[in-house]
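Asks: this is a predicted model, with the sequence first.
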There are 2 protein chains.
Amino acid sequence: MDDSNYVDLDEETLFLVSQTFKALSDPTRIRILNLLFNREFSVNEISEQLHLRQSTVSHQLRFLKNLRLVKFRREGTSIYYSHDDEHVLNVLNETIQHALHH
Amino acid sequence: MDDSNYVDLDEETLFLVSQTFKALSDPTRIRILNLLFNREFSVNEISEQLHLRQSTVSHQLRFLKNLRLVKFRREGTSIYYSHDDEHVLNVLNETIQHALHH
DNA sequence: TGTTTATATGAGTATATGTGCATATATGTA
DNA sequence: TACATATATGCACATATACTCATATAAACA
């Protein structure tokens, strides 16, 4: 069989890929990203919409922010978060649709 | 803004999606799936190729098997594993390529 | 400046996860 | 049957993770 396309993954790539999927491996983060799919929400809005503690949302947003999966803008005392990675969001959405229809 | 497409995810979908990504969130499992991309390998072959303990490979294959991401066939005393989910493998490959070229 | 509102963060805790060792199981062969 | 080889599995342990509470930080405004 032809396995000439096989390339051993370097450590940096492995880390980046695993971190990306780790972001999508937690139900809370999936719910947040799914909520942000269409528009931006403030931390409080996310908290209320998903029935999560403010600190829980804030912790998870930091996680997603560090991976550059979400971006934010300040408006007064509120901070509005929105998604910031088309590729990852597409992967998530595809997999959700795949799960919903199978 | 239009958020009419937003649907709260049911628990079962959330679990399935998060489990799928959890499978892809570990460097060892990523390396195994990446190895199996082109052809099947026995447990020992995987172990040798990736410099992993036999038990580690076996444990992770069980994980992947439970999620139906790999399938296997017996040949004598060896068991050959191969991938069994085109969608997940595509998602993984896309994300690896994305990471390699960015 | 003091107060209110919104968000971020540190510490503690319970649980989940990944790995290795030792051993069990299963197949093949003498 | 006895033994060798290949794989699976139970247990123990170290580490990672997600959540909560309490508190810190930051902006708006009286």
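Replies: Arrived safely, thanks for sending.
Asks: which parts of chain A sit against DNA strand D?
Replies: Selection of chain A residues close to DNA strand D by CB under 7 Å from any atom of the strand yields A:22, A:25-29, A:52-53, A:55-56, A:59-60, A:63, A:74, A:76-77. Glycine gets a C-beta too; all of them are placed from N, C-alpha and C.
Asks: A:K71 looks like it's in a strand, true?
Replies: Yes: under DSSP: H, G, I helix; E, B strand; the rest coil, A:K71 sits within a strand.
Asks: which of the residues in the longest helix seen in chain A are buried?
Replies: Longest helix of chain A, by residue count under DSSP state H: helix A:86-100. Neighbour-count burial for helix A:86-100, counted by 16 or more other CB atoms under 10 Å in any protein chain shown, picks out A:88-89, A:91-92, A:95-96, A:98-99.
Asks: follow-up on the earlier one: so which of the residues of chain A next to DNA strand D wins on neighbours?
Replies: A:R29 (22 neighbours; other CB atoms under 10 Å in any protein chain shown).
Asks: just the ones of the residues of chain A next to DNA strand D in strands?
Replies: Judged by DSSP state E, strands contain the following of the residues of chain A next to DNA strand D: A:R74.
Asks: related to what we said a few turns ago, what's the offset of the longest helix of chain A from the middle of its chain?
Replies: 11 Å (CA atoms, centre = their mean, to the nearest Å).
Asks: that one vs chain B: in contact?
Replies: Yes: using CB under 8 Å from any CB of the partner chain, helix A:86-100 reaches chain B at A:87-88, A:91-92, A:94-96, A:98-100.
Asks: would you turn the residues you listed into TSV with pLDDT?
Replies: Listed next are these as TSV, based on pLDDT from 0 to 100:
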residue	pLDDT
A:H87	96
A:V88	97
A:V91	97
A:L92	98
A:E94	96
A:T95	97
A:I96	96
A:H98	93
A:A99	92
A:L100	91
